[in-house]
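# need coordinates for the following:
(one chain, ligands or ions: 2)
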Amino acid sequence: MSKLSNFLSSSDEQEIVKAITEAELNTSGEIRVHIEGTSNKPYMERAVEVFNSLEMYNTKQRNGVLIYIAVEDNQLVIYGDEGIYKIAESNFWDDTCNLIINSFKEGNHKEGIVKGVLEVGEKLKTFFPYKKDDIDELPNTISKG
Ligand code: CA
Ligand code: CA
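Residues are numbered from 1 along each chain as shown. Ligands and ions are numbered 1, 2, ... in the order given. As a prediction, this is how the structure comes out:
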């Protein structure tokens, strides 16, 4: 079990923001990372709640993706907006989840999230390639709490 306060250093967080920026050069999709200690709700339900509270549905193509992590519970959800689940298989994010979880098991929190973010970008690219006039519709910062 990890504590939220020492899950990521501030330089780790900067590297993750950099990875989001880099991933979004592959795709018009928008990626966000939310980290909190624990949730008393089912994790998928909580991820959807966070997605909505961050107003991540505010994308033209409904292609926002939230990587939700409950640090103390070792739980992770990747939730994509309706533009994605309409065209993707239901197990679309499974291997990305596993990739992140495997890094977490080795104690590599930052590496896991960076790899996951970059892979989400690669996967979105197929359906939502980057366009020249791309707008950064959602902030690349990590949200917490
Ligand atoms: Ca964009
Ligand atoms: Ca963005």
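
# need the contact list for the most centrally placed residue in the chain.
Residue closest to the average C-alpha location in the chain (CA atoms, centre = their mean): residue 67, at 2.5 Å. Residues in contact with residue 67 (CB atoms under 8 Å, 6 or more residues apart in numbering) are 31, 32, 33, 34, 76, 77, 78, 100, 113, 116, 117, 120. Heads up, the C-betas are built off the backbone N, CA and C, glycines and all.

# now the helices for this protein?
According to DSSP state H, the chain carries its helices in the segments 10-23, 43-53, 82-85, 94-105, 109-127.

# out of these, nearest to ligand 2?
helix 10-23 (6.3 Å; CB to the ion).

# could you give the mean pLDDT of that closest one?
In this model, helix 10-23 has a mean pLDDT of 98.

# which strands and helices sit next to it?
strand 30-36, helix 109-127 (3 or more CB pairs under 8 Å, 6 or more residues apart in numbering; DSSP states H and E).

# give the rounded mean pLDDT of the shortest one.
Averaged across strand 30-36, the pLDDT comes to 98.

# please apply the same query to stretch 72-87.
So the average pLDDT for stretch 72-87 ends up being 95.
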